[in-house]
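J.: Need a 3D model of the sequence below.
(4 chains)
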Amino acid sequence: MSSSILFSEFARVCSEIEPVSSSLEISARVADFFRGLNDDDLGTAAHFIMGQVFPAWMERELGVGPSFLYESIATAYGMQRRAVEDLLRRTGDIGVTAERMCSQSVQRPLFTEELTLQRTYDNFNLIARIEGKKSQKRKVKLLADLLISAAPLEARYLVRLVAEELRIGVGSGAVRDAVANAFDVPANLVERGYMLVNDFGVVAVTAKNEGEKGLDSLTLIPGRPIRMMLAQLSGGMEKGIGEFSRPVVEWKFDGARVQVHKMGEEVQIFSRRMENITSSLPDIAALIREFVSGDTAILDGEAIAVGPDGRPRPFQDILRRFRRKYDVGQMAEEIPLHLALFDILYSDGSSLLDEPLESRRRFLERTVKEDPEGRIYLASQLATGDLSEVERTYNEALSAGHEGIMIKNLDSPYTPGRRGKNWLKLKPIMETLDLVVGGAEWGEGRRKNLLGSYEIACVEPETGRLLMMGRVGSGIKDDQLSELTDMFREKIISETGIDVGLQPDVVFEVAYEEIQKSVNYDSGYALRFPRLIRVRDDKSAEDADTIERVTELFEGQRTAAQN
DNA sequence: CCTATGTGCTCC
DNA sequence: ATTCGGA
DNA sequence: TCCGAATGAGCACATAGG
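T.: Next up is the predicted model:
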């Protein structure tokens, strides 16, 4: 077996791809890179190149976020943490920050052998496994040691890799095409393989050594999570219905997605990111054991927190159940979950992915028994193109406290991991609030040297005080962002790191999905999914929405749905 | 023992 | 999650 | 139309530190 390539080689490839914008050229370059690698390197490079340290199925985490990363850079290059953050503010890129500090550093490498791709991966595994007392310091130290032995360009990509933001324009689409290209196999087979095993490393090595036949033999295995099918926003009720010759409508539940694998008496539950959350959800597992017939099945559905009145509870309550390790039983009583099932991917030995929804639905109906207590049920499905019926379903869903409806194509297969147009979601257009901008943060990457997100606040009319409600950084077009930055530049009253204090006299119209209670902001409320609609040039701070109005809207959310 | 900080995950 | 922008 | 890269709030857990 040939030995591992150097990490500097990987860094060089990244640096060559970074300025390329043509997607064809990107995948061609990745393909060239892949072709020259041995199995081990290919397995690693396939997820590294998309900025992923460990493959998704592997339940391993580095446990290094921005803060430890900055600390490591500071340690490695003998700088202050503050200097790292200041340079980050100016470069807008943590990789470039490390690269510059590396080239100015006088620290000597600790390791004599050169850093290979495999040794990098081994070190990531070491970092991931560190736990217990002083673990944070040990993680920072080990990463710093790696950085000391890296050349500037290596430091750039090592750091970006740890941040899981390679920012070279390579994602799963590019890797899929690169594997197809490098080993002369059809791209759709590569994609299919990736959906099933969640690891481009495995897929690439299979394609390389066993070709099309090998990819073909990859199959769905109960017990191993598969990527979930995603939905796209519908352009409206009529438009959505019009997309399909045979549409069906279901409620869009306000909960959290779960994928349930039943293998005899054994049940495994996976989250959207394919994390195994079985031990947090014993109540769901019990329901599956009791009400799902047949020996093996993979089901897709939504876990919903329900209140005593049977209505869904605020989304925050679901988060208190997911990933819980302690007091699981007690919390299951306090916040009971119901399970709405809407799809089935596997049944007694065969994959149903390629079956049309219509047929999967029949399998689902045959597989799930009715719970007289209604804790586990199938999402009601209405097969109709009749707009008034669809509208009625939509209103029912909202009255029941859910988010809206899903419009699905009865003739479509289950396409894992794809935000295809075979599932459309339809939600109400939310109201907006006019909020005062009281501060901002300097952005990164594409938003370097631009104010990338803005603190928003409502007004307390009696005192004129501003009460913060969170931040908004989405919904802003590029040219608007530079205009905003220019406008706010003159209003900066303080600056620490990436945080900027602003004269509070600009009003943003902000849209949102929901108002949530919050302990993090002094208004006591925060917005779920805030986005900027426009700048209210016609309004000044005193005309912004008040805390009373926010409270009214919050109270209204729960009851307004009744009508 | 309590609280603050950091990370990683949810938002079909 | 939402949204924008390049290909 | 797809895909990559910006950005949001809030929860549990592990760890650090008083």
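J.: Local confidence estimate at the residue of the stretch 51-200 of chain A found nearest DNA strand B?
T.: Going by CB to the nearest atom of the strand, DNA strand B is nearest to A:Gly65 of the stretch 51-200 of chain A, at 2.4 Å. C-beta here means a position set from N, CA and C on the backbone, and glycine is covered the same way. On pLDDT, A:Gly65 comes in at 92.
J.: Just list the residues touching it, thanks.
T.: For A:Gly65, the contact set (CB atoms under 8 Å, 6 or more residues apart in numbering) is empty.
J.: So which residue of chain A lies furthest out from the middle?
T.: Largest separation from the mean C-alpha position in chain A: A:Glu462, at 40.8 Å (CA atoms, centre = their mean).
J.: one step back: how close does the residue of the stretch 51-200 of chain A closest to DNA strand B get to DNA strand C?
T.: Distance, A:Gly65 to DNA strand C, using CB to the nearest atom of the strand, to the nearest Å: 16 Å.
J.: Quickly note the distance from that residue to A:Ile94.
T.: 11 Å (CB to CB, to the nearest Å).
J.: go on, A:Val249?
T.: Taking CB to CB, one finds A:Val249 at 45 Å from A:Ile94.
J.: Look at the two and report which has more neighbours.
T.: Between A:Val249 and A:Ile94, counting by other CB atoms under 10 Å, A:Val249 is the more crowded of the two (29 against 25).
J.: Tell me the buried residues in stretch A:288-300?
T.: A:Ile288, A:Phe291, A:Val292, A:Thr296, A:Ala297, A:Ile298, A:Leu299, A:Asp300 (16 or more other CB atoms under 10 Å).
J.: Can you tell me which of these is nearest DNA strand B?
T.: A:Asp300 (7.6 Å).
J.: how many other residues sit next to the closest residue to that closest one other than its chain neighbours?
T.: Nearest residue to A:Asp300, sequence neighbours excluded (CB to CB, 6 or more residues apart in numbering): A:Asp343, at 3.8 Å. A:Asp343 is flanked by 23 other residues according to other CB under 10 Å.
J.: same thing with the one 10 residues further on?
T.: Around A:Leu353 there are 20 other residues, counting by other CB under 10 Å.
J.: helices or strands next to the helix or strand hosting A:Glu548 in the packing?
T.: Taking DSSP states H and E as the definition, one finds A:Glu548 inside helix A:547-560. Under the contact criterion of 3 or more CB pairs under 8 Å, 6 or more residues apart in numbering; DSSP states H and E, helix A:547-560 touches strand A:432-442, strand A:451-460, strand A:514-517, strand A:525-528.
J.: is any part of the longest one close to DNA strand C?
T.: No - looking at strand A:432-442 against DNA strand C by CB under 7 Å from any atom of the strand, there are no contacts, and the closest approach is 10.4 Å.
J.: Strand partners (parallel or antiparallel) of that strand?
T.: Using DSSP bridges, the strands paired with strand A:432-442 are strand A:451-460 (antiparallel), strand A:499-511 (antiparallel).
J.: does it come close to DNA strand D?
T.: Yes - using CB under 7 Å from any atom of the strand, strand A:432-442 comes into contact with DNA strand D via A:Glu441.
J.: Does that strand reach DNA strand B?
T.: No - Strand A:432-442 stays clear of DNA strand B (CB under 7 Å from any atom of the strand), getting no nearer than 14.7 Å.
J.: So, low pLDDT: which residues of chain A?
T.: A:1, A:107-112, A:558-563 (pLDDT under 70).
J.: Kindly list the longest helix within it.
T.: Counting residues, the longest helix found in chain A (DSSP state H) is helix A:200-217.
J.: Just the buried residues of that one, please?
T.: A:Phe200, A:Gly201, A:Val202, A:Val203, A:Ala204, A:Val205, A:Thr206, A:Ala207, A:Lys208, A:Gly214, A:Leu215.
J.: OK, contacts around the first one?
T.: Under the criterion of CB under 8 Å, 6+ apart, the contact list for A:Phe200 reads A:Ala46, A:His47, A:Met50, A:Pro55, A:Ser172, A:Val175, A:Arg176, A:Val179, A:Tyr194.
J.: what does chain A have sitting close to DNA strand B?
T.: A:61-69, A:228-231, A:250-257, A:271-275, A:302, A:315, A:319, A:322-323, A:342, A:379, A:403, A:406, A:423, A:425, A:528-529.
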